[in-house]
Structures are given as structure tokens and as C-alpha cells.
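Asks: could you work out the structure for the sequence below:
(one chain, ligands or ions: 5)
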Amino acid sequence: MRKGWIYKLKLLLLSTVAITTIVQTITHPTRHLLLLPIAAMATMEISCDVDTISPSDYPEQPPDACPSWDTDCDGISNATETNDANAYLNLDPDSPDANPSIAHGQPCNGSLENGLNLMNEGTGYWHYNPEKIDYDDWGVLHLINMIEGAGREWHDNNWWPPRISVGDMSLRYGGPFPPHGCHENGLEVDIRYVRNDGLEVGLNLGTADSIYFDVSATVALMSYLLDNSNSIKIYLSSYCRGKIIFTAIDTVYDTTGGHDDHFHWRIQDPDGTGN
Ligand SMILES: [Ca+2]
Ligand SMILES: [Ca+2]
Ligand SMILES: [Ca+2]
Ligand SMILES: [Ca+2]
Ligand SMILES: [Zn+2]
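Replies: Numbers count the residues shown, from 1 in each chain. Ligands and ions are numbered 1, 2, ... in the order given. This is a model prediction of the structure:
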């Protein structure tokens with residue numbers, strides 16, 4: 001019995017060494033010549049050797065390992081990392097950064113810490129408030145990523161023109177943002193309904209201009225927003241009742257006219273609601 005147990009243990013060690021060697025050979029081609037003879041001796045020292053590999057030994061990332069829009073794979077786009085408005089965060093597009101943004105409090109009573117600014121225009125979208133450049137377009141990383149991700153899908157699926165028209169998000173530090181009741185902690189964005197004439201101008205569903213409303217394009221846009229986020233609530237014009245129906249997120253069909261020229265989109269607080 002005891003012999004069998006030792007045999008199994010040896011076998012286990014040898015297997016571990018063999019697997020380690022194979023992994024090393026693949027990930028560290030310059031080291032495999034050194035590791036092969038050590039592997040033949042089958043001692044426990046191998047695992048110590050593996051544990052002490054320093055980060056400087058890591059191979060360079062293959063050029064196609066990261067998406068072209070996030071070349072360091074840290075989940076923050078190159079556009080966001082190089083946006084001048086975000087310089088205060090010292091993000092480096094060539095090395096991984098942690099998500100700095102925190103949503104405090106609630107959307108209608110909260111604040112935004114280390115908010116990220118949306119690039120004024122990017123693939124598939126633009127920020128349509130020229131008088132509010134880098135003033136009203138701050139949010140948590142998840143909100144920025146949702147807009148950029150939806151923009152890429154919008155572009156890649158040839159829905160443009162028009163581009164996605166992005167309006168108010170939050171102020172730099174969040175907090176009250178009149179005339180909005182909410183938009184306080186970087187979790188919300190206003191977006192125009194899509195027009196069917198390709199024009200990048202406003203569209204008010206409470207007027208005769210509603211003939212320019214492209215329902216299917218607007219639904220596609222919303223599906224891309226959903227694809228790229230954890231979203232929880234949307235405010236729509238009551239004109240959309242029966243035309244746009246969500247099954248997964250809380251929907252408000254606003255009868256006051258307050259959402260006739262844009263819809264209001266809210267994501268889940270990515271860092272939790274207890275802070
Ligand atoms: Ca990045
Ligand atoms: Ca980075
Ligand atoms: Ca939070
Ligand atoms: Ca901006
Ligand atoms: Zn809003």
C-alpha cells in the first residue's frame with residue numbers, strides 16, 4: 001500500500017514538472033533549455049523556480065492580443081486614456097491601469113469620484129453639446145465603455161449616418177445637475193432618438209417631426225447599449241409606448257414631454273450602492 005502511494009506521489013510530481021515544462025516552453029521560449037534538464041531530475045525545486053519568475057521575464061504581448069482600441073488590455077480605451085480631460089488621472093495607454101472611477105450615493109443624490117470624460121467624438125458616436133465640451137460628459141468607466149462599445153457596434157453594423165448622438169452625462173464631480181433630477185453619480189446618459197433621414201440634429205417625438213423617428217434603428221442602438229453594459233432603467237417618451245418594449249430593464253414611458261427629444265439610460269452602479 002505504502003509503495004503504491006509513493007509511486008503515485010512521484011507520478012504526480014513528474015506530471016506537474018512535465019506540465020510546468022510545457023507551459024514554460026510555450027510562454028518563456030528563452031528559458032526552456034534551462035528547464036528541460038531540471039525537469040529530467042524531477043525534483044520539487046522546479047515549482048520554486050516557477051514561482052520566482054519576475055514580471056520582467058514575461059514575454060511581450062503578441063501584437064494582436066489586445067483590441068486596437070485598447071492596446072494595453074486594461075479595459076480603458078486608448079481614446080479615454082489619451083483624452084486631455086482625463087490627464088489628471090495619469091493613465092498610461094501602454095500599461096495597465098486600474099479603474100479609478102467611483103459612483104457615490106444614488107443617481108438622484110450622489111457624486112462622482114475620479115470620473116472619466118468621454119472623448120467628444122469616437123467610432124460611431126459624437127457628443128452633441130458643443131457648448132458643453134468636457135463639462136457634461138463625465139461618468140464611471142462602465143458608462144464610458146458602454147457608449148464607446150455601442151458606438152463601435154453601431155459603426156460596424158452600418159447604421160450610420162447618423163452617428164449616435166450623446167448628450168448630458170454627469171458633471172466632473174457629479175452632484176446636482178439642473179435641470180436634471182438625477183445624472184448625479186456618473187451612471188446615466190441622455191441619447192437622442194435616431195432619425196430616419198441621417199441628419200445629426202435633434203428629434204422631438206412630441207411634434208410633427210415624429211415622422212422622422214427611426215424605431216428599428218433606435219431599437220438597434222438600445223440593443224448595443226444593452227450588449228455593452230449592465231443596465232437597469234430607461235426613461236422614454238410616451239410616444240414609444242407599444243413601439244419599444246423592454247423585458248429586462250425597468251422602463252418608464254414619460255408622459256410629461258421631458259423625454260420627447262432624448263431617452264435617458266441608467267446603468268447599474270458597478271462599484272456597489274453602499275458607498
Ligand atoms: Ca487601455
Ligand atoms: Ca492603461
Ligand atoms: Ca457606488
Ligand atoms: Ca469630452
Ligand atoms: Zn437624463
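
Asks: got the residues of this structure near ligand 3?
Replies: Residues of the chain lying near ligand 3 by CB under 5 Å from the ion: 103, 269, 271, 275. Glycine gets a C-beta too; all of them are placed from N, C-alpha and C.

Asks: which parts of stretch 81-101 are buried?
Replies: Burial within stretch 81-101, assessed by neighbour count using 16 or more other CB atoms under 10 Å, is assigned to 81, 83, 85, 86, 89, 91, 93, 97, 99, 100, 101.

Asks: kindly report the same for stretch 162-171.
Replies: Neighbour-count burial for stretch 162-171 flags 162, 163, 164, 165, 166, 167, 168, 169, 170, 171 (criterion: 16+ other CB under 10 Å).

Asks: so which of the residues you listed sit within strands?
Replies: The strands, defined by DSSP state E, take in 164, 165, 166 from these.

Asks: closest to ligand 2 out of the buried residues of stretch 162-171?
Replies: The shortest approach to ligand 2 among the buried residues of stretch 162-171 belongs to residue 169, at 21.5 Å (CB to the ion).

Asks: send me stretch 234-248 as PDB with only the CA atoms.
Replies: This file holds the C-alpha atoms of stretch 234-248, laid out as PDB (Å, rounded to 0.1, in the frame of the first residue of the first chain):
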ATOM      1  CA  ILE A 234     -34.600  53.700 -19.100                       C
ATOM      2  CA  TYR A 235     -36.900  56.700 -19.400                       C
ATOM      3  CA  LEU A 236     -38.600  57.100 -22.800                       C
ATOM      4  CA  SER A 237     -41.200  59.300 -24.400                       C
ATOM      5  CA  SER A 238     -44.700  58.000 -24.000                       C
ATOM      6  CA  TYR A 239     -44.700  58.200 -27.800                       C
ATOM      7  CA  CYS A 240     -42.600  55.000 -27.700                       C
ATOM      8  CA  ARG A 241     -45.200  53.000 -25.800                       C
ATOM      9  CA  GLY A 242     -46.100  49.900 -27.800                       C
ATOM     10  CA  LYS A 243     -43.200  50.600 -30.100                       C
ATOM     11  CA  ILE A 244     -40.200  50.000 -27.900                       C
ATOM     12  CA  ILE A 245     -40.700  47.400 -25.200                       C
ATOM     13  CA  PHE A 246     -38.000  46.100 -22.800                       C
ATOM     14  CA  THR A 247     -38.400  42.900 -20.900                       C
ATOM     15  CA  ALA A 248     -35.200  43.000 -18.900                       C
END
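
Asks: which residues touch that stretch?
Replies: 193, 205-206, 210, 213, 215, 218-219, 222, 226, 249-255, 257-260, 263-266 (CB atoms under 8 Å, 6 or more residues apart in numbering).

Asks: that stretch: which residues count as buried?
Replies: For stretch 234-248, burial by neighbour count (16+ other CB under 10 Å) applies to 234, 235, 236, 237, 238, 239, 240, 244.

Asks: pLDDT on it, on average?
Replies: Confidence over stretch 234-248 (mean pLDDT, whole number) is 95.

Asks: specify the residue ranges that define each domain of the chain.
Replies: According to automatic domain parsing, the chain is divided into the following domains: 2-57, 78-267.

Asks: pick the most buried one from the ones you listed.
Replies: Of all the domains of the chain, domain 78-267 carries the top mean neighbour count, a mean of 18, counting by mean count of other CB atoms under 10 Å.
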